[in-house]
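S.K.: no sequence on hand, only this structure:
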């Protein structure tokens, strides 16, 4: 939950993530850990026990978010009606986990 109509996540292997300044403050609840900037409170990361090897990072918090190319839309069934998605990326009603997606193809 971000409080935003749209958010963009980058899923990476947990061991590949390096914070260059400090570590995020963490909030844990019901199998989910959310990371926040300990200075300003900005949302940084999302970790879930159902994805034990991965951490999701808000793309907008990266030094150069333009280097990331979206591959798909997930949880598409939850989008607000007035938001128009005008691209040809694959769309998943919920999570793409467990539906046989080969992310290397995208």
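M.R.: Now that the structure is in, tell me what you want to look at. The structure displayed is predicted, hence computed values, not measured ones. Numbering: from 1, shown residues only.
S.K.: in the lowest-mean-pLDDT helix or strand in the chain, which residues are buried?
M.R.: Every helix and strand in the chain was compared by mean pLDDT, DSSP states H and E; the lowest is strand 9-13, with a mean of 86. For strand 9-13, a neighbour-count test (16 or more other C-beta atoms under 10 Å) marks 9, 10 as buried. For the C-beta atoms, the positions are set from N, CA and C on the backbone; glycine is no exception.
S.K.: what lines up beside that strand in the sheet?
M.R.: Each strand paired with strand 9-13, and its direction, by DSSP bridges: strand 54-58 (antiparallel).
S.K.: got a list of contacts for the strand it pairs with?
M.R.: Strand 54-58 is contacted from outside by 2, 7-14, 17, 42-47, using C-beta atoms under 8 Å, 6 or more residues apart in numbering.
S.K.: between those residues, which sits nearest residue 64?
M.R.: Taking C-beta to C-beta as the measure, residue 64 lies nearest residue 10 of those, at 11.9 Å.
S.K.: surely the closest one and residue 68 touch.
M.R.: Yes - the criterion here is C-beta atoms under 8 Å, and residue 10 meets it with residue 68 at 5.7 Å.
S.K.: now the common contact residues for these two.
M.R.: What both residue 10 and residue 68 touch, as defined by C-beta under 8 Å, 6+ apart, is the set 59, 62.
S.K.: check the offset of the least confident helix or strand of the chain from the chain's centre.
M.R.: 6 Å (C-alpha atoms, centre = their mean, to the nearest Å).
S.K.: need the residues that contact it.
M.R.: 46, 51, 53, 54, 55, 56, 57, 58, 59, 62, 68.
S.K.: after it, next one along is what?
M.R.: strand 25-29 (DSSP states H and E).
S.K.: what's the burial count for residue 76?
M.R.: Neighbour count of residue 76, defined by other C-beta atoms under 10 Å: 14.
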